[in-house]
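Visitor: Pasting the sequence and the predicted coordinates here, then a few questions.
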Amino acid sequence: MSKHILETDEVKKIIIDAVMGGNHDKYWTRPTEWPNGMKSDILYATDDSKAMPPVLVEVQHVVDDKFMHRVVRNCEEIISRYDVAPTVLIIAVSECRLQVLKRITAYKSKPFFFKLPSYPWANQCLILSKESISSHVNEPTLDPIVALGSFFVDQKQSLADQVHRRDPTIQQLYELAKHICRNQITAESSSSSHLLRVIMDVESHFRKAIDVLNEDVADGSAKRTIDCLEEGMTVLRDCKRQHMSNRRSPSSSSQSSTDGIPESPSQPSSTNESSSRRQSTSSTILSTNGNLNWQFVERFFDQLGNKKMNWKLCYEEGRRKGHFKNYSNHESLKNAYNRKKSKKK
């Protein structure tokens with residue numbers, strides 16, 4: 001969220017006007033992936049970097065020596081690319097550690113910031129934190145850069161929880177965050193709908209393939225192919241059921257997360273573990289469904305006694321009771337049952 005907020009023209013204007021004294025309309029967001037493999041939050045730059053140097057902005061929960069070393073390396077990458085040292089703004093969300101605070105000085109001409117020694121890796125390095133804005137947050141109308149600092153530092157989920165909720169800049173920032181959040185939810189919903197359409201399309205093609213094989217091909221290879229396709233149909237239906245269930249359940253992305261503060265990423269589970277779990281689940285479902293299907297068929301045989309097997313009636317009654325979901329018609333059910341019986345011989 002923080003990166004999206006910083007990419008807006010409104011926030012770019014607040015930062016450039018406060019840090020550089022104006023010319024916000026000449027600055028544009030630039031790529032922040034560096035050859036050293038690291039990434040920065042946002043970089044504003046102009047077409048004339050010599051006259052108006054780039055501005056690097058980093059939003060960080062805890063500002064400590066380790067983080068500052070990373071900032072220095074990123075600044076060196078900017079110098080290599082633009083041939084000029086940038087101006088750096090660090091927004092400290094939670095705290096500045098003591099080893100950093102011991103080196104800061106007050107900035108008389110820009111009283112909302114602390115200043116860190118930055119030669120030769122930066123033109124200047126400014127810190128916006130709860131300490132730097134503490135004596136400026138009681139004004140009737142906040143300076144825009146103070147409002148931005150409060151927006152990040154206070155970490156309030158909604159405008160109603162903000163102490164400065166009547167401040168016009170604070171209101172503007174929360175409106176931006178709400179708009180960004182809504183767009184993200186729309187994008188996720190669109191991707192989800194697309195995935196569901198793909199699943200249903202593949203399921204339809206599997207069903208057609210089974211029908212064609214049942215009607216036109218009678219050799220052993222066709223039977224083995226049908227078995228594979230029917231197993232695939234079961235996995236697809238399980239995937240579709242789980243996907244639709246997830247879409248109905250509350251999503252964390254749909255909550256009103258408008259604080260603009262980057263959250264700590266959750267630890268991803270092991271790929272191998274997830275893969276094996278899916279395989280195990282699919283195998284269990286296939287086995288359980290198959291046993292129930294054949295138990296129903298066997299009971300239907302017993303009920304007929306000496307009468308000839310009516311596969312169509314068996315299929316229709318089984319479908320009504322929730323069986324045979326991976327068979328498109330009674331012929332595919334019959335062929336699958338005969339293959340199962342022949343394997344046991």
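Guide: Arrived safely.
Visitor: For the rest of this, base every contact and every neighbour count on C-alpha atoms.
Guide: Will do.
Visitor: Just say helix, strand or coil for residue 147.
Guide: Recorded secondary structure, residue 147: helix (DSSP: H, G, I helix; E, B strand; the rest coil).
Visitor: Show the contacting residues for residue 27.
Guide: Counting by Cα atoms under 8 Å, 6 or more residues apart in numbering, residue 27 makes contact with 44-46.
Visitor: distance of it from residue 87?
Guide: Using Cα to Cα, to the nearest Å, one gets 13 Å for the distance from residue 27 to residue 87.
Visitor: so residue 169 touches residue 144, yeah?
Guide: Yes: at 6.0 Å, residue 169 counts as touching residue 144 under the criterion of Cα atoms under 8 Å.
Visitor: Tell me which of the two has more neighbours.
Guide: Using other Cα atoms under 10 Å, the more surrounded residue of residue 169 and residue 144 is residue 169, with 23 against 19.
Visitor: hmm, back to that, now go through the contacts of residue 27 and say which are in strands.
Guide: Assigned to strands by DSSP state E, the following of the contacts of residue 27 qualify: 44-45.
Visitor: Using ChimeraX, define a selection of the buried residues within the contacts of residue 27.
Guide: Selection of buried members from those for ChimeraX, criterion 16 or more other Cα atoms under 10 Å:
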select :44,45,46
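Visitor: Residue 126: which of the contacts of residue 27 is nearest?
Guide: Ranked by distance to residue 126 (Cα to Cα), the contacts of residue 27 are led by residue 44 at 15.2 Å.
Visitor: Distance check, the closest one against residue 19.
Guide: As judged by Cα to Cα, residue 44 and residue 19 stand 12 Å apart.
Visitor: again, but for residue 71
Guide: Distance, residue 71 to residue 19, by Cα to Cα: 17 Å.
Visitor: These two: who's more crowded?
Guide: Between residue 71 and residue 19, residue 71 has the larger neighbour count (other Cα under 10 Å), namely 23 against 18.
Visitor: show me where the stretch 101-250 of the chain has helices.
Guide: Applying DSSP state H, counting those that start in this stretch to the stretch 101-250 of the chain gives helices spanning 130-133, 144-154, 168-216, 220-248.
Visitor: any residues touching the shortest one, and which ones?
Guide: Just to be clear, that refers to helix 130-133. 92-93, 95, 111-114, 146, 149-150, 153.
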